[in-house]
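K.L.:
Let me see the structure of the following:
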Amino acid sequence: MASTAVFVNGIPGSGKTALATALAAELRFPLVAKDAIKESLADIVSVDLPTRGLGALASEAMWSIAGMIEGPVIIESFWASGRDEEFFRAGVSAAGIARAVEVWCEVSVETARLRVTTRPRHEIHQDTARVAEWEQFAATARPISTFPVLNCNTEGPVDVPALAGEILGILGLSSQQRR
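P.N.:
Predicted coordinates:
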């Protein structure tokens, strides 16, 4: 079981995927990303599936996969405050995570909105049809865990080595404990 985790969270368009990918390379921790799972699942069938149902399935798979990994793991997703707390706690428990840090991607609503509306994305996400929902999330989003939170400004480039050092310090890991 993955007893140690780094959660990368933030509103859609906040730069979670880019940051999680960079942190995974810097820390040499495996990355489990919900959207990558969701997109892979969408690609294995020849019919359109409902995005919410597939998202729920991808989330379950994300936690199951994280729980199979020995050692620290990075888990990247958007967990909406006011909606996902129960699912988050259940996932943390199922994966066996006892020690973690949540990296909260901070970005202006304007930048995130621009990213969401202009980025190339898999059609399963239906971003353009979900703008009103996105606006609600953006208005109420905040970190979701009870673990220590590192706020990370993702408006522009991030000093990933420095952030990785902060993460290791909070988790009580040395740089030698990287994979």
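K.L.:
Report the distance from the strand or helix carrying Q136 to the chain centre.
P.N.:
If you go by DSSP states H and E, Q136 is part of helix 131-140. Offset of helix 131-140 from its chain centre (Cα atoms, centre = their mean, to the nearest Å): 17 Å.
K.L.:
For that helix, name the packing helices and strands.
P.N.:
helix 109-118 (3 or more Cβ pairs under 8 Å, 6 or more residues apart in numbering; DSSP states H and E). Where you see a C-beta, it was placed from the backbone N, CA and C, and this is true even at glycine.
K.L.:
other SSEs contacting the helix it packs on?
P.N.:
Using 3+ Cβ pairs under 8 Å, 6+ apart, helix 109-118 sits against helix 131-140.
K.L.:
ok, the residue nearest in space to the middle of the chain to G15 distance?
P.N.:
The centre of the chain sits closest to E76, judged by Cα atoms, centre = their mean, with a distance of 2.0 Å. Distance, E76 to G15, by Cβ to Cβ, to the nearest Å: 11 Å.
K.L.:
now swap in K38 and tell me
P.N.:
Between K38 and G15 the computed distance is 18 Å (Cβ to Cβ).
K.L.:
how about E102, phi and psi?
P.N.:
phi -110, psi 120 (degrees, to the nearest 10).
K.L.:
Wait, it touches V149, no?
P.N.:
Yes. Judged on Cβ atoms under 8 Å, E102 makes contact with V149 at a distance of 4.8 Å.
K.L.:
In terms of neighbours, single out the busier of these two.
P.N.:
Shown here are E102 and V149; by other Cβ atoms under 10 Å, E102 has more neighbours (23 against 17).
K.L.:
and N153, what is it in contact with?
P.N.:
106-107 (Cβ atoms under 8 Å, 6 or more residues apart in numbering).
K.L.:
I'd like the distance from it to E76, if you could.
P.N.:
The gap separating N153 from E76 is 17 Å, by Cβ to Cβ.
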